[in-house]
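> Everything below, folded, please.
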Amino acid sequence: MVLGAAACSSTDSAAASGRRSNNPDRPHDPVGEAMPHEECVVGGGDVTGQDANHDGQPDIRTVMEGGRPRCREVDANFDGRVDIYRWLDLATGQTTRVEDDYDFDGRIDVVATYEGGVVVRDILDTNFDGRTDTWRDYRGGQLAELRRDADGDGRVDTWERFDAEGRLTYAAHDNNHDGEPDPEPGAGDAGTPAAADASAPPAADAAPAAPAAPASKPQEAR
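A predicted model of the protein is given here:
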């Protein structure tokens, strides 16, 4: 068995090209585009395998470079298909990028970028249609800002910001579909500043959570 990767097709990318966020603060969000994907095991090279469930097939494959792990593929549900791709810094061994297929349909649902081993940004496909719809930025590993296309029309329509304690401090929505945050009644600026008190929801509750990985996920080799 060879663990395979479900790369985004050129047709999907072309169909979604040009659909960018019209939010002037975040023009780089690739709204509606196919989820990005990078192959881990490409061609030859020094590849080691690990059989986590002892069925005689490799469930974890690691690409080595200079005797150090560079990239790792994991089949989390033992169906013969890669569910997790993890890239590592050769010098430090720290994670630099992770791709996850949470619903095991062969398409990536979350792509997270790390700096110094700490997550700084992730991109999500929360409705599992193969296209980006949610973007989250982090400071010090803590969620700082979220943007989302909740209705799937190719425009960002939800904006949220969080303080250093993970409390929601700002929330705005685009209800009239013009691509801009709608002002709340009586608000001087678009959006509604949230009360900075203990009752404000933490970032983990406010952000759209991806489905949890199965409890039987094999342990990655370090």
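> residue ranges for the strands of the chain, please.
46-50, 60-65, 68-74, 84-88, 95-100, 110-115, 118-124, 134-139, 142-148, 158-162, 168-173, 192-193 (DSSP state E).
> Can you give me the buried ones in stretch 138-155?
138, 142, 143, 144, 145, 146, 147, 148, 149, 150, 154, 155 (16 or more other CB atoms under 10 Å). Placement of C-beta: from N, CA and C, glycine included.
> Dump these into a markdown table; add pLDDT as well.
Compiled in a markdown table, these are given as follows (pLDDT from 0 to 100):
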| residue | pLDDT |
| --- | --- |
| 138 | 97 |
| 142 | 95 |
| 143 | 96 |
| 144 | 97 |
| 145 | 97 |
| 146 | 96 |
| 147 | 95 |
| 148 | 95 |
| 149 | 93 |
| 150 | 91 |
| 154 | 83 |
| 155 | 86 |
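> List just the nearest of these to residue 41.
Closest approach to residue 41 among the buried residues of stretch 138-155 (CB to CB): residue 138, at 28.5 Å.
> Would you confirm that that closest one contacts residue 144?
Yes. Here residue 138 reaches residue 144: they are 5.8 Å apart, a contact under CB atoms under 8 Å.
> farthest pair in the buried residues of stretch 138-155?
The largest separation in these, counting by CB to CB, is between 142 and 154 at 29.2 Å.
> burial measure for the closest residue to residue 174 other than its chain neighbours, as a count.
The shortest distance from residue 174 to any non-neighbouring residue, by CB to CB, 6 or more residues apart in numbering, is to residue 157 (4.1 Å). Residue 157 has 26 neighbouring residues, counting by other CB atoms under 10 Å.
> List the residues that contact residue 157.
Residue 157 sits next to 148, 149, 150, 151, 173, 174, 175, 177 when contact means CB atoms under 8 Å, 6 or more residues apart in numbering.
> So the last one is in contact with residue 150, correct?
No. Shown here, residue 177 and residue 150 do not form a contact pair, counting by CB under 8 Å, at 11.4 Å.
> picking up where we left off before, distance to residue 67 added to the contacts of residue 157, as JSON lines?
JSON lines is the format used below for those (distance: CB to CB, whole Å):
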{"residue": "148", "distance to residue 67": "42"}
{"residue": "149", "distance to residue 67": "44"}
{"residue": "150", "distance to residue 67": "47"}
{"residue": "151", "distance to residue 67": "50"}
{"residue": "173", "distance to residue 67": "52"}
{"residue": "174", "distance to residue 67": "51"}
{"residue": "175", "distance to residue 67": "56"}
{"residue": "177", "distance to residue 67": "55"}
